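Visitor: With the sequence up front, the predicted model follows.
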Amino acid sequence: MPTPLYRFHCTNGLSLVADLRGKRLPSDALMRFHAERIALDLMRSDDRADWSAWHVEVYDAKGRSIWRMAFTHIRDSRFTA
């Protein structure tokens, strides 16, 4: 069975940071970890003061949304650590 391809898009409903390449990952746990990493990298690379409306949304190879997490949840669990 081939390793699934995921695309990780970040948006606040107005702006979009699209993942055009995607990443192949062998498990749901690694997909979620990578999604959090994408969000953290974006927050660290951009000096916006307010990320409260942003979320990372993961899509499968067929373009279906399969997982979503708010940046505020990621910030609470990862930035303060």
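Guide: Good, I have the coordinates.
Visitor: helices or strands next to the least confident helix or strand in the chain by mean pLDDT in the packing?
Guide: Across the helices and strands of the chain, mean pLDDT, DSSP states H and E gives its lowest value to helix 71-74, namely a mean of 90. If contacts are counted by 3 or more Cβ pairs under 8 Å, 6 or more residues apart in numbering; DSSP states H and E, helix 71-74 sits against helix 28-45, strand 55-60. (Each C-beta comes from the backbone N, C-alpha and C, glycine too.)
Visitor: list the buried ones in that helix?
Guide: Phe71, Ile74 (16 or more other Cβ atoms under 10 Å).
Visitor: now what about that helix, what contacts it?
Guide: For helix 71-74, the external contacting residues (Cβ atoms under 8 Å, 6 or more residues apart in numbering) are Cys10, Glu36, Ala39, Leu40, Met43, Trp51, Ser52, Trp54, His55, Val56.
Visitor: okay, and for the chain, where does confidence drop off?
Guide: 75-81 (pLDDT under 70).
Visitor: Could you look up the SS state of Ile66?
Guide: strand (DSSP: H, G, I helix; E, B strand; the rest coil).
Visitor: any idea how far it is from Met43?
Guide: 22 Å (Cβ to Cβ, to the nearest Å).
Visitor: Which one's more surrounded, the two?
Guide: Between Ile66 and Met43, counting by other Cβ atoms under 10 Å, Met43 is the more crowded of the two (18 against 13).
Visitor: shouldn't the more buried one be in contact with Trp51?
Guide: Yes: contact criterion Cβ atoms under 8 Å: Met43 and Trp51 qualify, at 5.7 Å.
Visitor: neighbour-wise, which of the contacts of helix 71-74 leads?
Guide: Counting by other Cβ under 10 Å, top hit in those: Val56 with 26 neighbours.
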